[in-house]
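> For reference, the sequence and a predicted model appear below.
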Amino acid sequence: MDVWSTLGDTFLDWESMKAVLPEMLKVGLVNTLILAAASVVLGTVLGMVVAVLALSRRRWLRWPAKIYTDIFRGLPAILTILLIGQGLSPITRHWWGPNPYPLGILALSLIAAAYIGEIFRSGIQSVEKGQLEAARALGFSYSDGMRLVVIPQGVRRVLPALVNQFIALVKESSLVYFLGLLASQRELFRIGQDAAATNGNLSPLLLAGIFYLIITVPLTHLVNYFDKRLREGRPADSEDVVLEELAHANR
């Protein structure tokens, strides 16, 4: 019984959870979602650029994209966050002061862009080459064919992977803790960690974990749903219908 009592005191101190719950809702949850959402938006934009460069016919455009991807996928996320958050701080303090929040978003965005770029690249390459050839036959230039035909189809195919990347960013947002956020900028992990250190038990951290699960588990099931729907797909000739509609609009 002593073991169960010790475990209960360590992880299930309801008073500690109750005390920290309002701050987790009003501050921690909001900041976690802001960090993840801002990073996935910026990472998606930069990732698309990286994907287009990686698919370029010109070597001098492909190689920078490949090097960028290898670096930010190869480094541990915490190392990237610390290098950017602490290394660029002397430069950026002239713009927003000693505030690590924007640098945390920048670091997460750069990491996300490397993965999202590969997601987009694989999605674009999964589109049959005949789609681009058909677009060229209809009078589209190479760039217009990629922009209007190939890329939209590729993006549609990788939507589940993009949601998975958002889930990863929700969890990786906890690493921004190491940059020393202000009290109003703390995310779920930092608030749970501070409360756990103050109260001497891990119940606030367990509550933070529950919040992460509330965010990530439904999104995981949503990914599975989207993936199933996309695997079922549209009729086999649907891509030809897209080309016909674009050809009609191009007349």
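Here it is on my side, so go on. On a predicted model such as this, the values are computed, not experimentally measured, just so you know.

> Flag the shaky bits of the stretch 151-251 of the chain, pLDDT-wise.
For the stretch 151-251 of the chain, residues meeting the criterion pLDDT under 70 lie at 230-251.

> What are the boundaries of the helices in it?
Listed from the start of the chain, the stretch 151-251 of the chain has helices (DSSP state H, counting those that start in this stretch) covering 151-157, 159-172, 188-199, 203-232, 238-250.

> For residue 8, find the nearest of those.
helix 203-232 (9.6 Å; CB to CB). Any C-beta I mention is one placed from the backbone N, CA and C, and that applies to glycine too.

> ok, for residue 227, nearest residue in space, not its chain neighbours?
Using CB to CB, 6 or more residues apart in numbering and skipping the chain neighbours, the partner closest in space to residue 227 is residue 160 (4.3 Å).

> how close does that neighbour sit to residue 213?
Relative to residue 213, residue 160 is positioned 20 Å away (CB to CB, to the nearest Å).

> and these two? which has more neighbours close in?
When neighbours are counted by other CB atoms under 10 Å, residue 160 and residue 213 differ, and residue 160 comes out ahead with 19 against 11.

> Pull the contacting residues for the more buried one.
Counting by CB atoms under 8 Å, 6 or more residues apart in numbering, residue 160 makes contact with 223, 224, 226, 227, 230.

> go with 6 Å
Taking CB atoms under 6 Å, 6 or more residues apart in numbering, we find residue 160 in contact with 223, 226, 227.

> Could you report the neighbour count for the second one?
This means residue 226. Applying other CB under 10 Å, we find 15 residues neighbouring residue 226.

> Next: the last one.
By the other CB under 10 Å criterion, the neighbourhood of residue 227 contains 15 residues.

> Distance of the most centrally placed residue in the chain relative to residue 93?
Against the mean C-alpha coordinate of the chain, by CA atoms, centre = their mean, the closest residue is residue 166 at 3.6 Å. Remark: distance between residue 166 and residue 93 (CB to CB) = 30 Å.

> Which strands or helices does the host helix or strand of residue 117 pack on?
Residue 117 is located in helix 101-126, with elements delineated by DSSP states H and E. Helices and strands in packing contact with helix 101-126 are listed as helix 29-54, helix 59-74, helix 77-87, helix 151-157, helix 159-172; criterion 3 or more CB pairs under 6 Å, 6 or more residues apart in numbering; DSSP states H and E.

> quick one: which of the ones you listed has the weakest pLDDT on average?
Looking at the helices and strands packed on helix 101-126, the lowest mean pLDDT belongs to helix 151-157 (a mean of 78).

> Which strands or helices does that helix pack on?
Helices and strands touching helix 151-157, by 3+ CB pairs under 6 Å, 6+ apart, are helix 101-126.

> Fine by me, we can end here.
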